[in-house]
Each structure stands twice: as C-alpha cells, then as structure tokens.
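Novice: No letters, just coordinates:
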C-alpha cells in the first residue's frame, strides 16, 4: 500500500540489516473498535472529550483509607461496576474475578460492542486475544480468615501447620483463579468463544504494546483475522500500593493530586498509579472491509528492543524499527504519544531516545503524554494510550500534555502543551517501556480507504 | 521440510535446572532410568497440607553457574533457575563470549520467556493481614496493614516479584538487546514463548532468541491454591508413585520446579558462525479452549486444533511423528482429553506413536514444563532413546495409546511433537525435528 522507498541505510540501519516491512506484507491490521475504562471516562467518547478538555482522574484514593501511605493519590475509577457491562447470564462468573480481571472482561465487552462485529459471522477459531497484564493483586479479605487462625505471636511468622489445615478450610476453592495473570485473556476468550491464539504478556508498562506487536505477527502468519489486543490492571488497592510504595518513585504530592503527575516537566513530583483497561479490536484490513467495519486507524509498524544500561538506545531502536516496518521516514510522523511517566530517570531516557530516533527530521518532533490524565496503569497503560492515539487519528486532533509548564532541560523534546492542535501528518508513533529498559514502539496511521 | 519458511529456525544451545538434574546429560540419564524426583516438600513446612510432597531441585546455588550473581540477590528462586539454565544454553551455543566480543550482534538477539510470577512474602503478608483483621466484624484496618507492610516487606524482593524482572535480568546480564518478552499462560507458558520466539525469527525480527521458562510454585500459596482446586495428587502413602499419567488410578498432578532454556537461531546465521545445530524447530500452533477456567474442553476442541495446526505448520504427517512428549499431567481430565485429541488428529497412526509424560518422574514444572519437555524431545532424537512414563500400572480404557510404560525404549525419532495445555485453556504444540541440512 505504501511502497517502501530507499535502502535501509537511508533509515539509519547498517547495510544488510533485515527489517521486515509490515506495510508491504499482504496482511495488514486496522483498529476497528475501542474499549476504554479509565478514571476520566468509561467509553471512548467520554474519554476522548476528557483528554481534549485536559481533565484528570487523579485524586485522593477513596476505595480504601490510604492515610498510612506516602502516596495517597491515584487515577481511581470510583464508580466501576462490571455488572453494568456483562450479560446477566454471565454475571455469576464475576465472583471468581479480582477487580483487574473484571476490568478486562468489562472492557472487552465494550470493545466488541464498539466494533459492531457479529460474532456469529466470523470464524471464532481465528479470533485471538492477546493481552498485557501485571501481577494481579491479592484481595486481602479473601485470605484474612486463614491468616487470622494461623497467626503466631511472633511478628512475620505464620504457623504453617495450622494454615495447612484450618487455614485452607476457610479459603474459597477457586481462590487462586482470581489472581492468575492469564485469567484476563482466558475469561475474555470464554465469554466470547474466542478460540484463536491467546496470550498474556507481562512486561509492565510496555506489555500492551508488545501484545499489539505479537498480534500483528499472528495476523501476518495467517493464524487469526480478528483480535482483541489489550490489558487491564488495578493498582489502587492496599497491597499493591503498599508494595509499590517501597520500590517505585511514587509522588507524594497529596495536597494537590490533579497536578501531581507532570510528564517531562522540570517540576515533576513522581509517579502516580491508576487503574483501568484499554482494549482494541484489531482486524485484518480485508476482513474489516468485508463486514463494512468502521476503521479508526491503520497499524503500520512495530519494533521492540532492550538495553539495560542505556535505555534511550532501546527506545531509539524500537522507533527506528517500527518506522522502517511502516515504510515511513521521520518527517511523516505527526507526533509521538510517549509514555511520559513523570519520573526523572524515565522521562530523560525516553526523551533522549525519541530525540535520537528523529535526529534527521527537519523540524523538532512534538511529544504528548496522557499519564497526567489517567496515571500509570501498569499492564493496561500502553493500550489505553493506544486508544488515545486511535482517537487522535480518527478525530484529527492531538490532545495536549497536562501539567507541563517548563520542560526539564535534560529532556530534549518539544512537549505539546496548552490546547489540543489539529493533526497535520498521517502517522503517530507510540512508545512504551519499563524502567529497566524493555522498550517498544508502534506506528499507527490515519486510515485511507 | 519446512521449506515454506525462508528463514528456518534451529536450536543451538540448551540448558536445564530440574528436580532430576541440573544439566542436560544428568537429567536425561535420570529420565531414561525412570527415576522419580518426588519427595517430601522441604521448601516450607507442608506437613499438614493435603499434599506434602513435590519434586524439588536439590541443593541449588546460582553461584555454581554465574560467579557475579549479585543482581539476583533479592530475586525469587525461579529467576535464579532461569539464570542458571540460560548460562548453560548460551555457553553451549558458544554465545557467552561471542556476545562479549561483538562477534554476534547483540541487538539481533532477543529474549522470550514463559516465566512464572515472583513468590509472595507469605509470612509477612499473611501476618500483617491477620494483624489488621478483626475476625468478629470481618473488617480489615487498611491503614494498619499499609503501615505494617511498609515496615516488614523487603524492598528488593518486593520489586523483584514483578512479572517482567526475570526476562530483564537475563537480557541485562548477558547483554541481549533485541526484543524482550515474557508471557504467562500457566502450564503452556514456556512452550508458547518458544513458539512465538520461532515466529520472531522466521519473520525476521531477530536472528537469535533465548527462549524458555522457569517456575516454582512449591511455596505455601502455590500449594494452597492447587490443593483448594483439588488439582494435586494427595497420594501421601506413595509420593514417588503419585504422578501416574494415563494410569487409571491417577488422582492429580505433582508439583515440580525448575527451568529450561534454549537458544533458537536462524539457520543461516547459525551456519555462518559455525554453531553446532542440535535440532530444527519446525512446527508451532496455539489455540484457546474458550470453555471453562477449570476444565479442558471435554471433546478436546482446542487441543485437536492445536496439534493439527502444529503438524501442518511443520509440514509433517502424523505417521512421521516418532515421539510425542505429552502434557500428561496425571489428572483425570487432562490425560483423557489429551489421549482423545492425539487419536483424533493421528487417526490410524495413533497406534504406532510412542507417547510419554516425563511429569511421571519430575512432576509438573508449570510455566517451565514445556521448555524442559521440548529439550527432552531433542535429547530423545539425538540419543535414539525415548523416556518412559513411570508408575504406569492400571490401563485406563479411555487412555489406550502406547505410553512407553515404565521402561525407556530405543527408537529412532526424526520428528517429535510436544504438547502443553494451560490452566485457563491455552493450548500449545511444538514440532521439533532432526536437522538434516
């Protein structure tokens, strides 16, 4: 469709480097439906309007009393109830799902409804579910009785002999199934009879983007036509918040939650967690056209890389591979939808990686991030952000970065702030990564029929 | 064979940490001898649990494999198993030095693991839960829990429980700067990782991938979870006879632990650097049962599609399969449905196909099982010996295949099938073949 012009060397690859060309591959992917559950909206339209209006869902935690935590704020979904999304006959299943899994099944239903796909009219053995997920937080009440009967007077010591007998008696038989990370994709496959490839990728913030890359590969090897690519995660619970407060650089800007998350800003205060789910219906273009589906965006390229020492190198290579696969050059990109965590180390290496990948561009590349709107959503970050990209391409508008007033001088990128602006070029690059250097990038494009 | 792919994928290195041996030769020798690695659980006091036995890795020390292993100081045991098996695999492939000296391009070598979750700090977590709980009102005092947890949870080990850390440690330690994935699809995880890694190489996204998995669920919450699901054997009177795949008296699986790692490499890349080619990866397919979270589909819908798809991907017919390494967990449902699925796909050829489950000897390595079982297939082809299914005593009319009962068998296999079926419905089948040029 878009012919690849020029050699690899022209795109910064050493001669002989083999980079697959997604644009010229016979089977291409398009986004045909969106499900979004977030603290700023639980349908694509509300979410989109909130992004444009610069609303944030970050507030003081209300789901439990966070007063003993250094970070007491999050992108919390105050009124989420999975029952509102799920058929009456299937609601019984919700009882064996932790909140994260409920978010996934609710959002998957929303994405399928949004895509208007008729499940009776598609080959369900070629319906694939590829998700990103993180650790599903244990819900403390589920094992509290067992813990209480087997607690010893010595701090940090449980009497295992009692746990093995009286403890086990007071835990629900299906307890473990509430927390297995693969249960997001499994429960979704069961509810929708999706019998194609089913995978769960667990690389934290980048998991959902890796899931998109994998889905594109599965499409190209011709093992599926219709995909749900997504993720869900809730970290707004006492266990996750306690654990993560120990090792993540969380913001303690409790006095003013709305301005706590400040991507690439010199005055940043740290990471803010959140909860939500983003799920994309992704489809082979011919399959989508045949059923007359509405197309939100083209999926044009994907790249992934690692660097444990110089993470910016892995960001740069991911972007370059994704652009090469899409068959585009740096001047064809409208902007980068960055991870933009609002943490010093991460913002700096991401910005440096982006700047390096666009080194040969004529004008500076613009970067935006929606982290300040919704927070860091772990396994669902990348796909909620991808939903924002798809909506930007669909509406021809770019949402601005919230809470960004003065760019950190060590972040060599131009951050889009203030008002949303119209999209002027066809392609958007999405980047995601883990703090340890697991990186990925995707190129999405405005659909041209 | 496999000519439909321009880029063929071969295995150039392997490594294992298992209850039956911490190198390929010791493990395979034990398998051929039909030894059981099952014994009383020592990882924690399981004496009163419905199941108090498992197959543990004895005396494991990461420093035996990696001298400078400080980055794993706070890691869970599965991450350490992964590192030791990876060191073996990369070293066998001649890549440890080649990566260091720049003879191979580290940007073209990725990681795709199916490694398990980090292990919760059970004692502190449950003690703090109990301490903040009033059993009368059934209310939890969350501020008290948060305060207590912050005081007692260990920073480093909490951070290392996150699911992306094992793949990160391997990539960082060995300098593998290509794509970095980990998938967690229960018992299918490492097979699915290997299959997707194959695809990454076939399609050109990488030239080499360290693929495999590691896992241990032999800890209080792991055994609790499986005991509650009544998935584990409770044959306390005869632990070494408890894992009895396909036997009529089977009553559940036995937990094992460990890791299996492989270096997958594009054929021409391997030839160019003179690597020793151990076998060729020829077929992969994966499906979902989409049935129930607790049971396989009763007619084996997903398993049939999966086995059939893998054979077609490899371009081989059932009669060409010389050995099937079964998922064979020793649960009533799995073994019946898997036998049914093999018969359905293989038809007449099912009679002549030797099938065995090494879970009879080393238990179920959960996420790591598939990788170790694929490695077993490679060794079976290389040595001409097929490992048995031990503890096979009582034929089950619904499981009526040749399970290589109790004694290893000498047989030449050119193509092997390895099945892995995950809790929750993911099915993965791999076909590995002798490399014949």
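Specialist: Received, thanks. Every value quoted in this text rests on a predicted model; they were computed, and no experiment measured them. Numbers count the residues shown, from 1 in each chain, chains lettered A, B, ... in the order given.

Novice: Can you name the residue of the stretch 251-400 of chain B nearest chain A?
Specialist: For the stretch 251-400 of chain B and chain A, the shortest gap (CB to the nearest CB) falls at residue B:288, measuring 3.8 Å. For the C-beta atoms, the positions are set from N, CA and C on the backbone; glycine is no exception.

Novice: State the number of residues packed around the residue nearest to that residue when sequence neighbours are not counted.
Specialist: Closest residue in space to residue B:288, ignoring its immediate chain neighbours: residue A:198 at 3.8 Å, by CB to CB, 6 or more residues apart in numbering or on different chains. Residue A:198 sits with 33 neighbouring residues when counted by other CB atoms under 10 Å in any protein chain shown.

Novice: My read is that residue A:198 contacts residue B:184, right?
Specialist: No. Using CB atoms under 8 Å, residue A:198 is not in contact with residue B:184, being 12.0 Å away.

Novice: phi, psi of residue B:34?
Specialist: Taking degrees, to the nearest 10, you get phi 70, psi 30 for the backbone angles of residue B:34.

Novice: Tell me how far the residue lying farthest from the centre of chain A lies from chain B.
Specialist: The centre of chain A is farthest from one residue, residue A:153, which by CA atoms, centre = their mean lies 43.1 Å away. Applying CB to the nearest CB, to the nearest Å, the value for residue A:153 to chain B is 10 Å.

Novice: so which strand or helix has that residue?
Specialist: Here residue A:153 sits in a region with no helix or strand, counting by DSSP states H and E.

Novice: Would you mind confirming that residue A:350 is in contact with residue A:315?
Specialist: Yes. The pair residue A:350 / residue A:315 is scored as a contact, 5.8 Å apart, by CB under 8 Å.

Novice: the more surrounded of these two?
Specialist: A count of neighbours by other CB under 10 Å puts residue A:315 above the other of residue A:350 and residue A:315, at 32 against 29.

Novice: residues contacting the more buried one?
Specialist: Residues near residue A:315 by CB atoms under 8 Å, 6 or more residues apart in numbering or on different chains: A:305, A:349-350, A:352-354, A:356-357, A:431, A:433, A:439, A:441.

Novice: Also within reach of chain B: list those from the residues you listed.
Specialist: Subset of the contacts of residue A:315 in contact with chain B: residue A:305, counting by CB under 8 Å from any CB of the partner chain.

Novice: quick one: which of the contacts of residue A:315 is nearest to residue A:284?
Specialist: Closest approach between the contacts of residue A:315 and residue A:284, by CB to CB: residue A:441, at 21.9 Å.

Novice: For the closest one, name its beta-bridge partners.
Specialist: The partner list for residue A:441 in beta bridges (DSSP bridges) reads residue A:303, residue A:431.

Novice: That one touches residue A:326, doesn't it?
Specialist: No. Assessed by CB under 8 Å, residue A:441 is found out of contact with residue A:326, at 10.2 Å.

Novice: In terms of packing, which of these two has more residues around it?
Specialist: For residue A:441 versus residue A:326, the count of surrounding residues by other CB under 10 Å is larger for residue A:441: 32 against 27.

Novice: any idea of the pLDDT on that one?
Specialist: pLDDT recorded at residue A:441 is 98.

Novice: give the contact list for it.
Specialist: Residue A:441 neighbours (CB under 8 Å, 6+ apart): A:209, A:302-304, A:315, A:318-319, A:321-322, A:429-432.

Novice: Any figure for the gap between it and residue B:431?
Specialist: From residue A:441 across to residue B:431, the span is 33 Å (CB to CB, to the nearest Å).

Novice: same check, this time on residue A:402
Specialist: 51 Å.

Novice: More neighbours: which of those two?
Specialist: Ranked by neighbour count (other CB under 10 Å), residue A:402 and residue B:431 place residue B:431 first, with 28 against 24.

Novice: before we move on, back to that, tell me, how many neighbours does the residue of the stretch 251-400 of chain B closest to chain A end up with?
Specialist: Residue B:288 is flanked by 34 other residues according to other CB under 10 Å.

Novice: what's near enough to touch it?
Specialist: By CB under 8 Å, 6+ apart, the residues touching residue B:288 are A:129, A:186, A:189, A:194-198, B:302, B:425-427.

Novice: Among those residues, name the ones in strands.
Specialist: A:129, A:198, B:426-427 (DSSP state E).

Novice: Under the pLDDT cut-off, which ranges of the chain? List them.
Specialist: Unless you meant another one, I'm taking chain A. A:1-26, A:449 (pLDDT under 70).

Novice: right idea, wrong chain: chain B
Specialist: For chain B, the stretches flagged by pLDDT under 70 are B:1-3.

Novice: how does it look with 90?
Specialist: Within chain B, the segments meeting pLDDT under 90 span B:1-5, B:117-119, B:293-296, B:423-424.

Novice: so where do the helices sit in it?
Specialist: For chain B, applying DSSP state H gives helices covering B:24-33, B:77-92, B:95-101, B:122-131, B:142-152, B:155-160, B:165-174, B:189-203, B:220-228, B:267-272, B:301-314, B:332-346, B:359-362, B:369-383.

Novice: Pick the most deeply packed of those helices.
Specialist: The highest average neighbour count among the helices of chain B, using mean count of other CB atoms under 10 Å in any protein chain shown, belongs to helix B:359-362 at a mean of 30.

Novice: Give the other helices and strands that that helix contacts.
Specialist: Judged by 3 or more CB pairs under 8 Å, 6 or more residues apart in numbering or on different chains; DSSP states H and E, helix B:359-362 is in contact with helix B:24-33.

Novice: Mind giving me the packing neighbours of the helix it packs on?
Specialist: strand B:9-17, helix B:359-362, helix B:369-383.

Novice: Name the residues that touch that helix?
Specialist: So helix B:24-33 is contacted by B:14-16, B:18, B:20-21, B:37, B:88, B:358, B:361-362, B:372, B:375-376, B:379, B:383, B:385, B:387-388, B:408 (CB under 8 Å, 6+ apart).

Novice: count of neighbours near the residue nearest to residue B:419 when sequence neighbours are not counted?
Specialist: Distances taken as CB to CB, 6+ apart place residue B:327 nearest to residue B:419, at 4.6 Å, with adjacent residues excluded. Residue B:327 has 31 neighbours, counted by other CB under 10 Å.

Novice: what residues are up against residue B:327?
Specialist: Residue B:327 neighbours (CB under 8 Å, 6+ apart): B:187, B:334, B:338, B:357, B:369, B:419-421.

Novice: among those, which two are most distant?
Specialist: B:338 and B:369 (13.4 Å).

Novice: Report the secondary structure state of the residue of the stretch 101-250 of chain A found nearest chain B.
Specialist: Taking CB to the nearest CB, chain B has its nearest neighbour within the stretch 101-250 of chain A at residue A:176, 3.0 Å off. Following DSSP: H, G, I helix; E, B strand; the rest coil, the label given to residue A:176 is helix.

Novice: from memory it sits against residue B:227, does it?
Specialist: No. If you go by CB under 8 Å, residue A:176 and residue B:227 don't touch, sitting 9.6 Å apart.
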